[in-house]
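A.B. asks: Here's a sequence, model it:
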Amino acid sequence: MMQEMKRSVIELREVIKSYGEGDAATYALRGVDLKITQGEFVSIMGPSGSGKSTAMNIIGCLDTLSSGQYLFGGVDVGNLSLDERTLLRRNYIGFIFQGFNLLGKTTAIENVELPLLYRGFPAHKRHEMAMEALKSVGLEDVAHHTPGELSGGQQQRVAIARAIVTDPFILLADEPTGNLDTAKSIEIMNLLQSFNRDKGITIIMVTHENEMAAYASRIIRFRDGGIDRSYKEKIST
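C.D. replies: Here you go, the predicted model:
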């Protein structure tokens, strides 16, 4: 799996996602083909209902496809059991959400430790790894503050630290700057770009903001449940 991941970390082949049956069926995805290689920073854009969020949920193993094939590092995710998909998500994928999704009554470092708790790390190791993650986003000084004591930008950086503390292969970022002002948005995008550049983490980000999408090396636009091939992708050289 590791050798394959150096070539292609994500591949969707003719992926269809539908709800309902027969004439009542509605389609969120209509035969999507997509390949993302290790180390890319990809922005996914598109209007509401275009299928971009559904595609992200499938990639993140939060949803299943109706037909087609999803390969993660060459492994057919459709052949995995529910428990195996959970392990894949837990061990290889980090998530960053628009709403931060932090536990309000726990400290920043306790929030960052949470994925390590699920993976069974002992307390001292969790604390050490969480502090290193907070240092990487410049928040070691507020490690013992609760989310309510932090600004929106700081909360999102805690969320990023939580996402990268397990050293994931890919980060899935869903509108990571949606609740932030311009200055904080730029701060977060520079941080994500540095993780992509310096750590080689593959990043897939959904955004509706052109300015934020421009930080990526490639932009993919969804429309009507498929990829809009009329849009010329931006690819870094």
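
A.B. asks: got the residue ranges for the strands in the protein?
C.D. replies: Per DSSP state E, the chain carries strands over the ranges 10-19, 26-36, 41-45, 67-72, 75-76, 93-97, 170-174, 202-206, 218-223, 226-227.

A.B. asks: Can you lay out these as JSON lines showing mean neighbour count?
C.D. replies: No exception for glycine: its C-beta is placed from N, CA and C like everyone else's. JSON lines is the format used below for the strands of the chain (neighbours: other Cβ atoms under 10 Å):
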{"stretch": "strand 10-19", "mean neighbour count": "18"}
{"stretch": "strand 26-36", "mean neighbour count": "17"}
{"stretch": "strand 41-45", "mean neighbour count": "24"}
{"stretch": "strand 67-72", "mean neighbour count": "18"}
{"stretch": "strand 75-76", "mean neighbour count": "14"}
{"stretch": "strand 93-97", "mean neighbour count": "21"}
{"stretch": "strand 170-174", "mean neighbour count": "24"}
{"stretch": "strand 202-206", "mean neighbour count": "24"}
{"stretch": "strand 218-223", "mean neighbour count": "19"}
{"stretch": "strand 226-227", "mean neighbour count": "21"}
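
A.B. asks: could I get these as TSV with distance to Leu87 and mean pLDDT?
C.D. replies: Shown next, in TSV, are these (distance: least, Cβ to Cβ, whole Å; pLDDT from 0 to 100):
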stretch	distance to Leu87	mean pLDDT
strand 10-19	17	96
strand 26-36	21	95
strand 41-45	24	96
strand 67-72	12	97
strand 75-76	12	95
strand 93-97	11	91
strand 170-174	15	94
strand 202-206	19	96
strand 218-223	28	95
strand 226-227	29	94
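
A.B. asks: Need these in CSV (columns: distance to Ser53).
C.D. replies: Below are the strands of the chain laid out as CSV (distance: least, Cβ to Cβ, whole Å):
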stretch, distance to Ser53
strand 10-19, 11
strand 26-36, 9
strand 41-45, 9
strand 67-72, 16
strand 75-76, 23
strand 93-97, 12
strand 170-174, 7
strand 202-206, 6
strand 218-223, 9
strand 226-227, 14
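
A.B. asks: For Gln193, find the nearest of the ones you listed.
C.D. replies: strand 41-45 (6.9 Å; Cβ to Cβ).

A.B. asks: contacts for that closest one?
C.D. replies: 36, 52, 55-56, 192-193, 196, 202-208, 210, 212-222 (Cβ atoms under 8 Å, 6 or more residues apart in numbering).

A.B. asks: Quick one: residues contacting Arg90.
C.D. replies: 115, 118-119, 166.

A.B. asks: Give me the most central residue, the protein.
C.D. replies: In the chain, the centroid-proximal residue (Cα atoms, centre = their mean) is Leu172; its distance is 0.5 Å.
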